[in-house]
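In: The following comprises the amino acid sequence and a computationally predicted model.
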Amino acid sequence: MTAAAIYPQDLIDRFVAIVGEAAALTTSDDVEPYLVEGRGLYRGATQLVLKPGSTAEVSAIMTLASETGTPIVPVSGRTGLVGGQVPRADGRDILLSLERMNRIREVDTVASVIVADGGCILADIQKAADDVGRLFPLSLGSEGSCRIAGNLSTNAGGTAVLAYGNMRQLCLGLEVVLPTGEIWDGLRRLKKDNSGYDLRDLFIGAEGTLGVITGAVLKLFPKPLGRQVAFAGLHSTEDALALFEHAQAICGAALTGFELMPRIGVDFTTRHIPGVRDPLSTVHPWYVLIDISTSDSAETAQTMVTAVLEKGVEAGLVQDAVIATSVAQQDAIWRMRESMSDAQKPEGGSIKHDVSVPVSRVPGFMAEADAAVMAAVPGARICAFGHLGDGNIHYNISQPVGADKAAFIARWREVNEIVHAIVRKHGGSISAEHGVGQLKRDELAASRPAVETELMIRIKKAFDPAGIMNPGKVVPLP
C-alpha cells in the first residue's frame, strides 16, 4: 500500500521532478509490487517509487535525500529472499528502482569485459556475451528478472561458483552513487590494481547500505567448446564428498558444477514440477549432478565425465548414473535441481536456510543438523540440497504432513537458531549467497566477534552519516 502523507507534497514534487512524472509511482496499485518480499515474510509501505533513467538522476535523488534526511531503499530485480529490498512498514522510505537503467554500455572482446548499467537483467548480460562468442558465467534461477546491481549488492553466487567464483570475483570495477549524491567512477578494467583500499569490495555485498551501484565492469570468459552433465545416485553424503574429490582430481578447472540433492527433493520436483522426471530407474538416498565444461571439445568433456563415474563405481560410491545425450537432457537434469526450492511450496510451509560450511564438513553438518531438527520438529521433512563443491547448502525444511502451516512458520526463528548454531560450530556462515537484509541482521551481529560488528558500523557511518541508505538492513544501527 502507499504510505500516508509522511512527507509534504512539495518535497514529493521535488523528487518527482528529477525523474519526470512518467517515472514516478504514487498510487496503491502501482507501488504494490515493490512492497512484498518474494516469500511474503516482509511487507512495507512507501509514498513514492522513483525510476531514474541515468546515473545523473540517481545522483540528484541522493543529493536531495541527503539534504532533507529522506531514507532511500535501492531496488533492483526484487528477487531477494531476505527482505533487503523491502521498505519499512512505517512508510518513511522512498524506493529507488534501477529498472530503467538497463543499458549495456560496451562489450570489449579484447579485454574480455562488458560494461553495463546496474539495472541490466542478468539474462541480457549473458546474451550480450554470447552474441560475441563469450561467456558471462553467473547463472541463477531468477536470471530472467534479477538485475546486475542486485547480484553485486548481495555478492550472488549461483551454480558456477566452483569454476568461476561469485560476483566479487566476476567484477573488475563499479560506478556508485554515494548517499551524499557524489558519484564514484570506479569503472576500471584492470585485473591488477594494487593502489590502496579496495572500495569496490566494500560495495559488493553491502546490499545498498553504502551507496547505489549504477554501473559495473564484468569479466567475460571464453565459451566452453565441450560440455557434459551427469546424474548419479549414491548412498550417503560422505560418498558424495568422496566422489567430489575424485572429480576435482580428474577434471580440475573443467568441473563447473557439483550439486547435491536428497531423495525427498527429487520426489518433490517430479511430483510438482511439470515435465520433470527422475533420470534414474532406481531410488537412492542421495544424488549428485556433475557439470563439466571444457575449452577444447565435447569429446574431452565426455571422456572426463565417464572417467569420474567409472572411478566412482570402482570405489563403491556410485550406485547408478546417467550421462545426458543431448542439450535438452542436460537442461532437464539442471531443471530438476533449479526447481527444488519451488517444488517445496505445494508441500506447505518451508523454513529455509542459506548456509555454508567448509566443504570437508558438509556431511558432519548435515548429520548434526538433521538430528537436531528432527528432535525439535518431529515429522519435519528435510530437503537439504545445494552446491557441494563450494559448501553452500540450502538447508530447507518442509512442514510435517498434516501440520498447520502458520504454526510451523511461526517457529522460523527457533529453527534458524538450531541450524545456525551447528553452522557456527562447523566454522560456517549463516548467509552463503542470499545476503543478510532484515532476516539475518540481528543474528549476524550476535554471531560475529564484537570488533567485526563494530568495524561494519564504523564503515556504515563513514559512508552514510545521516543513516538514509537502505536503513535497517545488514548493520544494526539505532
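Out: Great, that's in hand.
In: which residues does residue 270 contact?
Out: 276-278, 336 (CB atoms under 8 Å, 6 or more residues apart in numbering). From N, CA and C alone the C-beta is placed, and that goes for glycine too.
In: Neighbour-wise, which one of those residues leads?
Out: In terms of neighbours by other CB atoms under 10 Å, the contacts of residue 270 top out with residue 336 at 25 neighbours.
In: low-confidence ranges in the stretch 351-478 of the chain?
Out: Where the stretch 351-478 of the chain drops to pLDDT under 70, the residues are 477-478.
In: circling back to that earlier point, please convert the contacts of residue 270 to JSON lines, extending it with pLDDT and secondary structure.
Out: Formatted as JSON lines, these follow (pLDDT from 0 to 100; DSSP: H, G, I helix; E, B strand; the rest coil):
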{"residue": "276", "pLDDT": "94", "secondary structure": "coil"}
{"residue": "277", "pLDDT": "94", "secondary structure": "coil"}
{"residue": "278", "pLDDT": "96", "secondary structure": "coil"}
{"residue": "336", "pLDDT": "95", "secondary structure": "helix"}
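In: Please convert those to CSV, extending it with distance to residue 82.
Out: CSV is the format used below for those (distance: CB to CB, whole Å):
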residue, distance to residue 82
276, 27
277, 33
278, 32
336, 25
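In: Under the pLDDT cut-off, which ranges of this structure? List them.
Out: Counting by pLDDT under 70, the ranges of the chain that qualify are 1-4, 477-478.
In: okay, now the domains of it?
Out: The chain resolves into domains spanning 104-222, 226-338, 348-436 when parsed by automatic domain parsing.
In: got the ones you listed as a markdown table, with distance to residue 68 columns?
Out: As requested, these are exported to a markdown table (distance: least, CB to CB, whole Å):
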| stretch | distance to residue 68 |
| --- | --- |
| domain 104-222 | 12 |
| domain 226-338 | 43 |
| domain 348-436 | 27 |
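In: Contacts only, for residue 258.
Out: Applying CB under 8 Å, 6+ apart, we find residue 258 in contact with 162, 244, 247, 288-291, 387-389.
In: most neighbours, which of these?
Out: Result: residue 288 is most packed of those (other CB under 10 Å), 29 neighbours.
In: Let me see the ranges of the strands in the stretch 251-400 of the chain.
Out: In order along the chain, the stretch 251-400 of the chain carries the following strands (DSSP state E, counting those that start in this stretch): 255-262, 286-294, 318-323, 350-351, 354-356, 381-387, 392-398.
In: Compare those and give me the one nearest residue 364.
Out: strand 392-398 (11.9 Å; CB to CB).
In: What pairs with that closest one, parallel or antiparallel?
Out: Counting by DSSP bridges, the strands paired with strand 392-398 are strand 350-351 (antiparallel), strand 354-356 (antiparallel), strand 381-387 (antiparallel).
In: what angle sits between it and strand 255-262?
Out: Strand 392-398 runs at 20 degrees relative to strand 255-262, counting by axes from the mean of the first three to the mean of the last three CA atoms, to 10 degrees.
In: one step back: distance to residue 426 added to the strands of the stretch 251-400 of the chain, as JSON lines?
Out: As requested, those are arranged in JSON lines below (distance: least, CB to CB, whole Å):
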{"stretch": "strand 255-262", "distance to residue 426": "16"}
{"stretch": "strand 286-294", "distance to residue 426": "19"}
{"stretch": "strand 318-323", "distance to residue 426": "26"}
{"stretch": "strand 350-351", "distance to residue 426": "19"}
{"stretch": "strand 354-356", "distance to residue 426": "9"}
{"stretch": "strand 381-387", "distance to residue 426": "14"}
{"stretch": "strand 392-398", "distance to residue 426": "11"}
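In: coming back round to it: for residue 464, which of the strands paired with strand 392-398 is the nearest?
Out: Closest approach to residue 464 among the strands paired with strand 392-398 (CB to CB): strand 354-356, 25.8 Å.
In: And for residue 299, the neighbour number?
Out: Neighbours of residue 299 under the rule other CB under 10 Å: 12.
In: thinking again about what came up before, what about the domains of the chain, which gets the closest to residue 459?
Out: Closest of the domains of the chain to residue 459 is domain 104-222, at 6.7 Å (criterion: CB to CB).
In: Tell me where the stretch 1-150 of the chain has strands.
Out: Secondary structure of the stretch 1-150 of the chain by DSSP E, counting those that start in this stretch: the strands cover 24-25, 49-50, 72-75, 94-97, 104-108, 113-117, 134-135.
In: Give me the contact list for the last one.
Out: Under the contact criterion CB under 8 Å, 6+ apart, strand 134-135 has outside partners 107, 109, 112, 129, 220-224.
In: Quickly note the distance from residue 437 to residue 470.
Out: Going from residue 437 to residue 470 by CB to CB, to the nearest Å gives 9 Å.
In: Common neighbours of these two, please.
Out: Taking CB under 8 Å, 6+ apart as the criterion, residue 437 and residue 470 both touch 84, 207.
In: No further queries at this time; thank you.
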